[in-house]
Every structure is written in C-alpha cells, then in structure tokens.
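Trainee: Task: produce atomic coordinates for the following.
(2 chains)
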Number of protein chains: 2
Amino acid sequence: MSQQLAVGIDIGGTNTVFGIVDRRGNILYDGKMSTKAHGDITSFLNELKERLDVLIDKVGGKDNIRGIGVGAPNGNYYTGTIDYAPNLRWRGIIPLANLLQDYFDVPAVLTNDANAAAIGEMTYGAARGMKDFITITLGTGVGSGIVANGQLIYGHDGFAGELGHCIVIPGGRVHAGTGMRGSLESYASATGVMLTALEFMDSRPEQDSMLRHTPRELVDSKVIFEAAKQGDPLAIEVYEYTGMVLGAALANFVMFSSPEAIVLFGGLTKAGDMIMRPVRHHMEINLLPIFQNKVKLVFSELKESDAAILGASALAWEMKTDQKAETPQP
Amino acid sequence: MSQQLAVGIDIGGTNTVFGIVDRRGNILYDGKMSTKAHGDITSFLNELKERLDVLIDKVGGKDNIRGIGVGAPNGNYYTGTIDYAPNLRWRGIIPLANLLQDYFDVPAVLTNDANAAAIGEMTYGAARGMKDFITITLGTGVGSGIVANGQLIYGHDGFAGELGHCIVIPGGRVHAGTGMRGSLESYASATGVMLTALEFMDSRPEQDSMLRHTPRELVDSKVIFEAAKQGDPLAIEVYEYTGMVLGAALANFVMFSSPEAIVLFGGLTKAGDMIMRPVRHHMEINLLPIFQNKVKLVFSELKESDAAILGASALAWEMKTDQKAETPQP
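Mentor: Model (predicted):
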C-alpha cells in the first residue's frame, strides 16, 4: 500500500466537490455533484460512492488512498459528525466520518470548511512551514481557522475558531442569522459590505455615487467593487470602513494567539489594496507595540476553485495512520 | 538523581518570591527578597543565589532539582529573556534563563507571570486534567494565559495571550499605560473599577452613595468592594458594569478557542457573586448557541500567596529533561 494519495470532499449547501490529491497538492481527478438534490444522507452517499469510485479506480484503487478528509458546515473533528447544519437539508446529527468509512473502507476525518481551509494553507499554501497562523475567509460569511503550536485549535468540543461571530462593535448592526449585534460577520462579509453601502447611501443623501444608478435591491458586493474600482468615493469609503472594522478585529486576534501570519481568503479579498490598506492600518494602530509590524497579512495562495478540495484532502495527511473516526476524542 | 523537586521564582516589580515545590504542589521551603533594591541584574542574582542555595541545601542539593521555572513581566519563553519590562529597573533584554543556569547549574525556563499562572492551574489547580482553558488574572492589570490542545499558546514570538489589551469598547476609556482606547484592562482591573466608580459618581450627582463619604482620591477597589458588600447601589452597579464588559469579552475569547473552562484569579474575584453573576450573564448572551451553557467559569483553586511560586515551579515539570535555555526556539 503506497497510500500517497488523499481524497478531499467539500460539502456545501448547494454543491459538493471532491477530488484525489497527491502530497504536493496536485488534484489528479475531481468531480462535482449536487448536495441539495438529496433530501437524505443515504441518497447523497450513494451518488457520491458511485462517482468517487470511478476516480479511485483511475488511481489504482483504494489501497493507494491514505484517507478521506471532509470539510462540511458544522463538521465536528472530534466526533466525526455534522451537527445541526442550518444550510443542509439533513437534520440532526449525521455521523458522516463513520458512514464514509463504511462506504469506502478507508479512514475518514471531518471538520468544518474554515478549519479545512487552514490545514490546506499549512499543507499546500501561504502558511507552509508556519506553526502559528490564522486563516480568515471573507465570503458570504466570515469563517476562520486557527493554528497554534503547529496544531489546529479545535477547542474542548471541536467548535473553536468562530471568529466571525466575535462582537466587534457592541450594540452594533444586527446579524440576520444569529440575532447578535455587532459581530464581525455583520461587517466583513459580502452581506456586510452591502449593508454598509446602503447605510452610507441613506445617511448621506447629498453625496452622489455610481451606486445610486443601480436599483437599490441590486446593490451587492460585486456592484460596489466595480464602482470602487472606477473611483467612486462612496464605494471606496465602504471598503475603508470595512477595513477599519476588520483591522481592529484582527488586532484582537493577534493579541490572543500572536500568529506569524493572517491568511485572508474569499470574495472580499478581490478588492486587493482597497481593503488591505485600511485593514493593515487599523490592525497596526490597535496593537500593543510588541506586536506591531510583525504579523504578515497575506492573501491565500490556493486557487479558489481548488481550495475546498485541497483543504479537505489536507486533513487526511494529518491523520494518524491507524486513525478511525471513533478514535479522535477530546 | 531523583529530581522530584522544582524551583519556582516569581519576579515582581517590587518583590521576588521563590520556593521549592514537589510534584503535588506542596511548597517545602520558600523565601522573599526585594526586586527593586537591585539596580542591576548581577546584584539581584547574587542575593537570589545566596538565599536560594540555603533552601536547595535543605532538600539535599541541586541533584534533587529538576529545574527552575520563572514567571517574570515580559518573560519570553522561546528566548529565555526578559524583554524591556516596564516595571523592572533592569533595562533592555536580560537573558535570565541562561544566567540562572550559569548561577545554579540547573536547567531554567521562563515565561510571563500570567502564562505561569495558567501552567500552575493545569498542574496543581482548577484546570487539572483540562486540555483547553483560559486563565484571566483580574488584579492591578488584566493578565491571561491560554492553553489549547494541552499546550500553552505562546504564539510565533512568545508574546501570545495579551487579552487584557484586546479592545472591547472601540473609542472607549483611554488606558494610562498603553494609550489605547477601550481595552479590557481599562475596565476589568482594580484601576478600571475605580475609574468606573468615579465616572458614575460624576455623571449622577443626584445619586447618593457611601463612596461620596470617602475623599475622592481614596476611592479605590477596596473601598468600592466594602460599599458594595454593604449594599450601596452605586457600588453594586460598578460591579454590574464591570461584569458586563468582562462577560462580553469572555464570550469573544470563547468563540476563539472554545475552552472547557475560564479560570479567574486576582483581587477582583474577591467580589464573588457580585461580579460573577453579571460576568456569566453577559458572557452567555454574547455567545452563539453552540457555545452556550458549556463553559465553566471558576475561581482559581490556588492560594493567592502560593500561586506565584506554584505557577513558576510548574513550568519546570513541562521542561523536557534535556532542555537548556538555548534550545526552546520558535
């Protein structure tokens, strides 16, 4: 058994992507299927088995596969279960790692997608060789994975690293999903950027902006990005404000775990310097001097289309060779 | 060489305490000397050597000592140095771990006092057997030590765990030492409690309070504690407010590392339920549901007079037996 390959599976609310990856992070074969078409987990697993077995056969069979790594919403590393994921149709607690082992006769390990992304950056990406770093995904939501002493921080229950839900502005904007006020995700996500733009437009009726030429219900993060790129002052200020909130939050995270780097990933990073400049500035001015000008702020080096599979597959390299889904206990 | 004993040294700005401790946390012999009487480190070490050698002789000589653990302000675990400690008269970078090894011919390891306290709680105290917890010292300042996956989080540079300097109220109260606005230490320390009381007294001239019968410059955390204990509404509200700020901060820390427990220590904990009830309430309401009603909020189990020596000595048990101050590298 050479076991020089790993399977990565990323389960999203809409689609699931999967692939077979070598140790250098090359995706040899990959595929995609619908998640939401399957109302129950058995039906989902039957389609996955059928599609993935074809790829496994192409690489010489399961004896060449070291393990299966899965990134899934509310995936719990310790128990190998998906627990009450709000974006999935499968209700309750799904013992996915055990089910995958039964279906494929290969060890399987599971975590949430943000943690998988962190392991992916450490194995193949911008955090190679680092023992202390944080990854932040700035997409529809704000996800995070924290590595300290070379290990992912799962916490006592497997749920550590929910930095998007940290309160950064007490009494601030209400989060539609959680009902919490002033959490980072309410500002530094695609939705947050949109809400900031709408607030600026409403509170400054005198300020003209290209955004006013778009119907209000169509103002989204893409429209704002295009306007900012063309020099629209209000849109640029949306990024300044977002960067201020995010930068101050990152400073708090630095004072927690003193990472060598913070790796940013996701849609918002497309704004490049428009967001990074204020983020860096506000991170630095909120840091104690002993932390200043030390932390690398970098973008992910993983291609966005590959990152989900790579991150999930990287979990399999971290597995002990005799690990079964039953063994990782808190 | 049985090496069943450890030396613990806690260096404070005013005094240094030291002791010899067994594996169960019994302090066999201890002593105390002035720190601030010594303008240079050589003079300090000469007195320490003279005093500590007497104790080491009592336990049968240095062959019975596994190592020396030191808690010191700005103590860096990786380099074994005290770096620019503002409260010490010794300037610059002091290679204390190496110096102690030279003076005593025993391995020495160093960290800051808050990290030492965390190791002490894990070894002898309220966090025995836990792999994921946070200790918060609520004293003159706010210190913290974070343990995840059974290891102290030092960060890439040895300075992790400065939770007292996290910004919890953006644009809030200025911290006299750092100049930062709205950091946790500006609210949840002895000074913070005093400032809150003075603010309440100034902003509510109509509200009577026992605190008004004390000259303004003498209103300190002890006076406030006594007034609250006797039912003074303004003083009680000071604790309510302090607990609100601290509780919300703890919620953010929980979403970072999902600890099994938060261990509180230091002067402010003497207020007992007057502070703990609001802390717990505001921590819980600021947590995502998956974290609620899970985290134990407990007081330290170490006697305050012993805790500094115990925490420092516990570092020595964590040392690898062949460890020298040169070896721990980031």
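
Trainee: Residue A:176 should be in a strand, yeah?
Mentor: No. Per DSSP: H, G, I helix; E, B strand; the rest coil, residue A:176 lies outside any strand segment and is coil.

Trainee: where does the spatially closest residue to it that is not a sequence neighbour land in three-state SS?
Mentor: Nearest non-adjacent residue to residue A:176, counting by C-beta to C-beta, 6 or more residues apart in numbering or on different chains: residue A:191, 7.6 Å away. All C-beta spots, glycine's among them, are computed from the backbone N, C-alpha and C. Following three-state DSSP, residue A:191 is assigned to helix.

Trainee: Next, count neighbours for residue A:191.
Mentor: Look at residue A:191: counted by other C-beta atoms under 10 Å in any protein chain shown, it has 20 neighbours.

Trainee: Tell me how far it lies from residue A:175.
Mentor: Note on residue A:191: its distance to residue A:175, by C-beta to C-beta, to the nearest Å, is 9 Å.

Trainee: May I have the secondary structure class of residue A:39?
Mentor: Secondary structure of residue A:39, per three-state DSSP, is coil.

Trainee: ok now do it, which residues does it touch?
Mentor: Residue A:39 makes contact with residue A:89, according to C-beta atoms under 8 Å, 6 or more residues apart in numbering or on different chains.

Trainee: Most proximal residue of the stretch 1-150 of chain A with respect to chain B?
Mentor: The nearest approach of the stretch 1-150 of chain A to chain B comes at residue A:132, 4.2 Å away (C-beta to the nearest C-beta).

Trainee: pretty sure that residue is touching residue A:149, no?
Mentor: Yes. If you go by C-beta atoms under 8 Å, residue A:132 and residue A:149 touch, sitting 7.2 Å apart.

Trainee: who has more neighbours, these two?
Mentor: residue A:132 (22 against 17).

Trainee: Tell me how far the residue nearest to residue A:253 when sequence neighbours are not counted lies from residue A:68.
Mentor: Once flanking residues are discounted, residue A:253 sits nearest to residue A:134: 5.9 Å by C-beta to C-beta, 6+ apart. Using C-beta to C-beta, residue A:134 is found at 26 Å from residue A:68.

Trainee: where exactly do the strands run in chain A?
Mentor: A:5-11, A:15-22, A:27-34, A:65-71, A:75-76, A:81-83, A:93-94, A:108-111, A:133-138, A:142-148, A:151-152, A:261-265, A:296-299 (DSSP state E).

Trainee: Mind putting these into TSV with mean pLDDT, mean neighbour count and distance to residue B:290?
Mentor: Compiled in TSV, the strands of chain A are given as follows (pLDDT from 0 to 100; neighbours: other C-beta atoms under 10 Å in any protein chain shown; distance: least, C-beta to C-beta, whole Å):
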stretch	mean pLDDT	mean neighbour count	distance to residue B:290
strand A:5-11	96	26	18
strand A:15-22	96	21	23
strand A:27-34	97	14	27
strand A:65-71	96	27	18
strand A:75-76	92	26	10
strand A:81-83	93	21	8
strand A:93-94	95	19	13
strand A:108-111	95	28	14
strand A:133-138	96	28	18
strand A:142-148	96	27	14
strand A:151-152	94	18	17
strand A:261-265	96	24	23
strand A:296-299	96	16	29
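
Trainee: Include distance to residue B:92 when you put those into CSV, please.
Mentor: CSV is the format used below for these (distance: least, C-beta to C-beta, whole Å):
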stretch, distance to residue B:92
strand A:5-11, 49
strand A:15-22, 49
strand A:27-34, 52
strand A:65-71, 47
strand A:75-76, 48
strand A:81-83, 51
strand A:93-94, 56
strand A:108-111, 44
strand A:133-138, 30
strand A:142-148, 29
strand A:151-152, 34
strand A:261-265, 28
strand A:296-299, 27
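
Trainee: Out of these, which is closest to residue A:125?
Mentor: Across the strands of chain A, residue A:125 has its closest neighbour in strand A:261-265 (7.2 Å, C-beta to C-beta).

Trainee: got the residues of the stretch 1-150 of chain A near chain B?
Mentor: A:83, A:130-132, A:146, A:148-149 (C-beta under 8 Å from any C-beta of the partner chain).

Trainee: if we go to 10 Å?
Mentor: For the stretch 1-150 of chain A, the residues in contact with chain B (C-beta under 10 Å from any C-beta of the partner chain) are A:74, A:76, A:83-84, A:130-134, A:144, A:146, A:148-150.

Trainee: on that earlier part again, hang on, the residue of the stretch 1-150 of chain A closest to chain B packs against residue A:294?
Mentor: No. Taking contacts as C-beta atoms under 10 Å, residue A:132 lies outside contact range of residue A:294: 11.4 Å.

Trainee: tell me the residue furthest from the middle of chain A?
Mentor: Distance from the centre of chain A peaks at residue A:206, with 38.4 Å (C-alpha atoms, centre = their mean).

Trainee: check contacts around it.
Mentor: If you count contacts by C-beta atoms under 10 Å, 6 or more residues apart in numbering or on different chains, residue A:206 has none.

Trainee: so how far is residue A:212 from it?
Mentor: 11 Å.

Trainee: quick one: contacts for the closest residue to residue A:220 other than its chain neighbours?
Mentor: Closest residue in space to residue A:220, ignoring its immediate chain neighbours: residue A:194 at 5.4 Å, by C-beta to C-beta, 6+ apart. When contacts are counted by C-beta under 10 Å, 6+ apart, residue A:194 touches A:219-224, A:238.

Trainee: Columns pLDDT, distance to residue B:15 and neighbour count on top of the residues you listed, output as CSV?
Mentor: Formatted as CSV, the contacts of residue A:194 follow (pLDDT from 0 to 100; distance: C-beta to C-beta, whole Å; neighbours: other C-beta atoms under 10 Å in any protein chain shown):
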residue, pLDDT, distance to residue B:15, neighbour count
A:219, 97, 62, 21
A:220, 96, 61, 14
A:221, 95, 57, 23
A:222, 95, 62, 14
A:223, 97, 63, 18
A:224, 98, 58, 28
A:238, 98, 54, 31
